[in-house]
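**Q** This is the structure alone, sequence omitted:
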């Protein structure tokens, strides 16, 4: 795979992991709101199941954050090692002159 295309794919994966992280954070917030609302309602099933669900989602979020940190660092190192900024500049020049 061409270096620049590989880097762009890596950046795309980082963005998707960030989106996944935000989605998991939103789910945790929604579960928390349901837990708070249920304090007033007192439904036993929700009382029993929501804390476990909250913990599983929080564990998933921790995994996502770890993977995101790892892959974002790997992407940055790959970009630096392969002079991606220079490759992008060259691509702009090539596109401008029709190569």
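**A** Arrived safely. Values in this document were obtained by computation on a predicted structure and should not be read as measured data.
**Q** Okay, residue 43 and residue 52: tell me how far apart.
**A** Distance, residue 43 to residue 52, using Cβ to Cβ, to the nearest Å: 15 Å. Heads up, the C-betas are built off the backbone N, CA and C, glycines and all.
**Q** And residue 75, by the same measure?
**A** Separation of residue 75 from residue 52 (Cβ to Cβ): 34 Å.
**Q** number of nearby residues for residue 98?
**A** 5 (other Cβ atoms under 10 Å).
**Q** Against residue 90, how distant is it?
**A** From residue 98 to residue 90 the distance is 14 Å (Cβ to Cβ).
**Q** who does the helix or strand that contains residue 9 touch, helix- and strand-wise?
**A** Following DSSP states H and E, one finds residue 9 within helix 3-41. Applying 3 or more Cβ pairs under 8 Å, 6 or more residues apart in numbering; DSSP states H and E, one finds that helix 3-41 contacts helix 44-81, helix 84-97.
**Q** Looking at the ones you listed, spot the one closest to residue 12.
**A** Among the helices and strands packed on helix 3-41, the nearest to residue 12 by Cβ to Cβ is helix 44-81 (9.8 Å).
**Q** so the closest one versus helix 84-97, what angle?
**A** 70 degrees (axes from the mean of the first three to the mean of the last three Cα atoms, to 10 degrees).
**Q** just checking, what packs against helix 44-81?
**A** helix 3-41.
**Q** pLDDT weak spots in the protein?
**A** Across the chain, the ranges flagged by pLDDT under 70 are 99.
**Q** if we can go back for a sec, deepest-packed of the helices and strands packed on helix 3-41, please.
**A** Neighbour counts (mean count of other Cβ atoms under 10 Å) averaged over each of those peak at helix 44-81, with a mean of 13.
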